[in-house]
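A.B. asks: 3D, please:
(2 chains)
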Protein chains: 2
Amino acid sequence: MLKYQQIAAAIEKYIEDHALQQGDKLPVLETLMAQFEVSKSTITKSLELLEKKGVVFQVRGSGIFVRRHKRKGYISLFSNQGFKKDLEDFHLTSEVIELNVRKPSQEAALNLTIDENDDVYFVKRVRYINGQTLCLEESYYNKSIITYLNKEIVSESIFHYIREGLGLKIGFSDLYLHVGLLTEEEAAYLGLKKGMPKLHVETIFHLTNGKPFDFSKITYNYEQSQFVIQTNSF
Amino acid sequence: MLKYQQIAAAIEKYIEDHALQQGDKLPVLETLMAQFEVSKSTITKSLELLEKKGVVFQVRGSGIFVRRHKRKGYISLFSNQGFKKDLEDFHLTSEVIELNVRKPSQEAALNLTIDENDDVYFVKRVRYINGQTLCLEESYYNKSIITYLNKEIVSESIFHYIREGLGLKIGFSDLYLHVGLLTEEEAAYLGLKKGMPKLHVETIFHLTNGKPFDFSKITYNYEQSQFVIQTNSF
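C.D. replies: Reported below is the predicted structural model:
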């Protein structure tokens, strides 16, 4: 982690440890600079990062304030950190149904902007939260970027491995979301009945250089699907 | 609009008019500065705004690239601009079911962080997209901030009026999202059957100063509910 990221993490931890609430004011810039013994530009970058993450908001001429949504038990629908990080308070496990190298479906090739003759890692998992089915996931990873996966990795956090193991920088993503009815196969994996509601989310994850590396299709168990999204001003 | 906002709008229009695709490179900073006859700091602010809006992405040392998701017919689930702006390609109308000043429900008071004796504007609307029901909306506006609403305003874009009419700055928001089954009342308004799936979204909208001004509860017609969310790197 870079210096400004470390400081951002420290400020975030401070907010959590002291149970600060939305609207609580943080110390002024000068105090933070002195406390962390860094320049104004570093502390500014830390605060910008925290603002992007929805941890603080800045009011021009007034200060920096804590931003914390109030509801417990909601899953952050997207941080680009993958689930694992959001769900640290929960017990999250995965059952790997399928892991192999194959040619992408036409749909996957299109979304990954690769050729249908290129290789992808295909991962199919059922994910459990506190022992209940959370979702059925099918992901296609561009193998020329995500060069290696194995069962151990995909049983845990794939995104953690991509960042820490492969040293790749995860950038922006596009999510497509719709509500529908469970197919028989989806219902079987989720332990629900065919025709019950589902939330279906397709996501194209890009590296910071703009290259799509993962096309994922997730079907959520609607009984477990309480999501929170924090959006920023612009 | 401030200068940098005007330029951001001009760049966005250029991208649309020329049907630029994701990954297409924009001219370098110096060219943009010369073209718009502005300083580096202004053009930088314009590009930062466009990045926040998901219109471009910047790759350090490499340039500025167009960001455009590829699927048509999807509704942006949150821009803080309100629907109207996202749905300019669609024909969006509203039927006002209820508009009055009242005391907030306990839930609304809590989410707006106001007292149960404070006044709110309550707005209940059914919104239609291309003649089909899109959603049933119930919104509570803090009357001490949104001082005036009438039927004409709520038949159109309330957010447009808040920005342009009241001159308020709309900031961040917290969305809570879940999937469930339509109640009889919801189904009736949406022209669907009780027990069919629904997407339910509760949003707390804040001004840039952090004050919550609108607590809205929206039930979407799942048949019309195709959403796109663009997230940024951080």
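
A.B. asks: would you map the helices across chain A?
C.D. replies: In chain A, helices defined by DSSP state H lie at A:3-17, A:29-36, A:40-52, A:83-86, A:106-112, A:151-155, A:158-160, A:184-190, listed in chain order.

A.B. asks: dump the ones you listed into CSV; add mean pLDDT as well.
C.D. replies: Below are the helices of chain A laid out as CSV (pLDDT from 0 to 100):
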stretch, mean pLDDT
helix A:3-17, 92
helix A:29-36, 92
helix A:40-52, 91
helix A:83-86, 53
helix A:106-112, 96
helix A:151-155, 93
helix A:158-160, 90
helix A:184-190, 97
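
A.B. asks: quick one: which of those is nearest chain B?
C.D. replies: With Cβ to the nearest Cβ, the closest approach to chain B among the helices of chain A belongs to helix A:40-52: 4.2 Å. All C-beta spots, glycine's among them, are computed from the backbone N, C-alpha and C.

A.B. asks: in chain A, which helix or strand is least confident?
C.D. replies: Least confident element among the helices and strands of chain A, by mean pLDDT, DSSP states H and E: helix A:83-86 (a mean of 53).

A.B. asks: about what we covered before: columns distance to chain B on top of the helices of chain A, output as TSV?
C.D. replies: Converted to TSV, those look like this (distance: least, Cβ to the nearest Cβ, whole Å):
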stretch	distance to chain B
helix A:3-17	10
helix A:29-36	18
helix A:40-52	4
helix A:83-86	12
helix A:106-112	8
helix A:151-155	23
helix A:158-160	13
helix A:184-190	13
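
A.B. asks: OK, contacts around residue A:137?
C.D. replies: Applying Cβ atoms under 8 Å, 6 or more residues apart in numbering or on different chains, one finds that residue A:137 lies in contact with A:123-127, A:216-219.

A.B. asks: and residue A:123, by the same measure?
C.D. replies: Neighbours of residue A:123 in contact, by Cβ under 8 Å, 6+ apart: A:96, A:98-99, A:137-139, A:141, A:149, A:154, A:158.

A.B. asks: in strands only, show me the residues you listed.
C.D. replies: Of the contacts of residue A:123, the ones assigned to strands by DSSP state E are A:96, A:98-99, A:137-139, A:141.

A.B. asks: neighbours around the residue of chain A found nearest chain B, how many?
C.D. replies: Closest contact between chain A and chain B, by Cβ to the nearest Cβ, is at residue A:197 (3.3 Å). When neighbours are defined as other Cβ atoms under 10 Å in any protein chain shown, residue A:197 has 24 of them.

A.B. asks: wait, what's in contact with the residue nearest to residue A:60 when sequence neighbours are not counted?
C.D. replies: Here the nearest residue to residue A:60 in space, its sequence neighbours aside, is residue B:208; by Cβ to Cβ, 6 or more residues apart in numbering or on different chains that works out to 7.9 Å. Residue B:208 is in contact with A:57, A:59-60, A:233, B:169-171, counting by Cβ under 8 Å, 6+ apart.

A.B. asks: cool, residue A:138 as well?
C.D. replies: By Cβ under 8 Å, 6+ apart, the contact list for residue A:138 reads A:122-124, A:216-218.

A.B. asks: which strand residues bridge it?
C.D. replies: Going by DSSP bridges, residue A:138 is paired in beta bridges with residue A:124, residue A:217.

A.B. asks: excluding its backbone neighbours, what's nearest residue A:91?
C.D. replies: Using Cβ to Cβ, 6+ apart, the nearest residue to residue A:91 is residue A:130, at 5.2 Å.

A.B. asks: quick one: the one you found and residue A:224, what's the gap?
C.D. replies: 9 Å (Cβ to Cβ, to the nearest Å).

A.B. asks: neighbour count for these two, which is higher?
C.D. replies: Neighbour totals were compared for residue A:130 and residue A:224, and residue A:224 leads with 21 against 11 (other Cβ under 10 Å).

A.B. asks: just the pLDDT for that one.
C.D. replies: According to the per-residue confidence, residue A:224 scores 83 in pLDDT.

A.B. asks: rewinding a little: export the contacts of residue A:123 to JSON lines and tack on distance to residue B:188?
C.D. replies: Putting the contacts of residue A:123 into JSON lines (distance: Cβ to Cβ, whole Å) gives the following:
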{"residue": "A:96", "distance to residue B:188": "45"}
{"residue": "A:98", "distance to residue B:188": "43"}
{"residue": "A:99", "distance to residue B:188": "47"}
{"residue": "A:137", "distance to residue B:188": "36"}
{"residue": "A:138", "distance to residue B:188": "37"}
{"residue": "A:139", "distance to residue B:188": "40"}
{"residue": "A:141", "distance to residue B:188": "45"}
{"residue": "A:149", "distance to residue B:188": "49"}
{"residue": "A:154", "distance to residue B:188": "46"}
{"residue": "A:158", "distance to residue B:188": "44"}
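
A.B. asks: can you flag the buried ones in those?
C.D. replies: With burial judged by 16 or more other Cβ atoms under 10 Å in any protein chain shown, the buried subset of the contacts of residue A:123 is A:99, A:137-139, A:141, A:149, A:154, A:158.

A.B. asks: closest to residue A:177 out of these?
C.D. replies: Sorting the buried ones among the contacts of residue A:123 by how near they are to residue A:177, with Cβ to Cβ, puts residue A:137 at the top with 14.6 Å.

A.B. asks: how far away is that closest one from residue B:66?
C.D. replies: Taking Cβ to Cβ as the measure, residue A:137 falls 29 Å from residue B:66.

A.B. asks: quick one, what contacts residue A:115?
C.D. replies: Residues touching residue A:115, when contacts are defined by Cβ under 8 Å, 6+ apart, comprise residue A:109.

A.B. asks: domain map for chain A?
C.D. replies: Per the record's domain assignment (automatic domain parsing), chain A is made up of the domains A:3-66, A:75-228.

A.B. asks: pick the most buried one from those domains.
C.D. replies: Burial of the domains of chain A is given as mean neighbour count (mean count of other Cβ atoms under 10 Å in any protein chain shown); domain A:75-228 ranks first at a mean of 18.

A.B. asks: any weak-confidence spans in chain A?
C.D. replies: In the predicted model, chain A carries pLDDT under 70 at residues A:78-89, A:233-234.

A.B. asks: circling back to that earlier point, which among the contacts of residue A:138 gets closest to residue B:201?
C.D. replies: Closest approach between the contacts of residue A:138 and residue B:201, by Cβ to Cβ: residue A:218, at 18.3 Å.
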